[in-house]
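Asker: give me a 3D structure for the following:
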Amino acid sequence: MSEPPLPSARRQLLFAKYGPILITPFYFGFSTHVLTPSSFTRILGHQWNVPVVNSLWIGSHIGIGIYLYNSKHLRNAHTFDRILYSIYGSAIFNLGTVLVMSIVRSIFPDSTPLRLGVGLSSSAAMLFIGRRYIQYIDQIFNEIRFRAITR
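Answerer: The predicted structure follows:
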């Protein structure tokens, strides 16, 4: 017999906890492509390069968008607004990452290992800082909401 589906609150809690882990392969994969595009072509060949890179790009957008959509400070917003803010936040974050990776690539044009090290470290830092920022906004939102309820 199959198990019943997880209740909605429990499913959201599981995704809120483990969702960022699911985002990272797409995000780091696309960052690696921006840093060393020729390595993807060499590994995958010309036929699979574009579909794989586009999948990483879209997966990064979807993952970060879902993470933003499920954040506490957006839970009371209308569905359209939540989707709009999530798409906007995901686009800003991912395009900012592309900008940073392009700058890293121009600073270290001849050293692929150094470029990858600096670029992936900065990608990890951007993910960490972005996650802390959303947690901070959620914490402030909870404090403001708690004050409004107790008055």
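Asker: can you classify Leu116 by secondary structure?
Answerer: Counting by DSSP: H, G, I helix; E, B strand; the rest coil, the backbone at Leu116 sits in helix.
Asker: list the contacts for the nearest residue to it once chain neighbours are set aside?
Answerer: Leaving aside its sequence neighbours, Leu116 sits nearest to Leu35 (C-beta to C-beta, 6 or more residues apart in numbering; 5.7 Å). (Glycine included, C-beta is placed from N, CA and C.) Going by C-beta atoms under 8 Å, 6 or more residues apart in numbering, Leu35 touches Met101, Val104, Arg105, Arg115, Leu116, Gly119, Leu120.
Asker: ChimeraX command for the buried members of those?
Answerer: Only the buried entries of these go into this ChimeraX selection, using 16 or more other C-beta atoms under 10 Å:
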select :101,104,105,115,116,119,120
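Asker: in helices, which of the contacts of Leu35 appear?
Answerer: Residues of the contacts of Leu35 located in helices (DSSP state H): Met101, Val104, Arg105, Arg115, Leu116, Gly119, Leu120.
Asker: widest-spaced pair of those?
Answerer: Distances among the ones in helices among the contacts of Leu35 were taken as C-beta to C-beta; the most separated pair is Arg105 and Leu120, at 12.3 Å.
Asker: need the three-state assignment for the nearest residue to Leu74 once chain neighbours are set aside.
Answerer: With C-beta to C-beta, 6+ apart as the criterion, Leu74 has its nearest non-adjacent residue at 4.9 Å, and that residue is Arg82. At Arg82, secondary structure determined by three-state DSSP is helix.
Asker: surely Arg82 and Ser71 touch.
Answerer: No. In this structure, Arg82 is not within contact of Ser71 by C-beta atoms under 8 Å, at 9.1 Å.
Asker: and the residue nearest the centre of the chain, what's its pLDDT?
Answerer: In the chain, the residue lying closest to the centroid (C-alpha atoms, centre = their mean) is Ile64, at 3.4 Å. Looking at Ile64, its pLDDT stands at 92.
Asker: same question, Ser39
Answerer: In this model, Ser39 carries a pLDDT of 82.
Asker: what helix or strand is it located in?
Answerer: Element membership for Ser39 (DSSP states H and E) is helix 37-69.
Asker: quick one: the residue nearest to the centre of the chain and Gly89, what's the gap?
Answerer: Distance from Ile64 to Gly89, counting by C-beta to C-beta, to the nearest Å: 7 Å.
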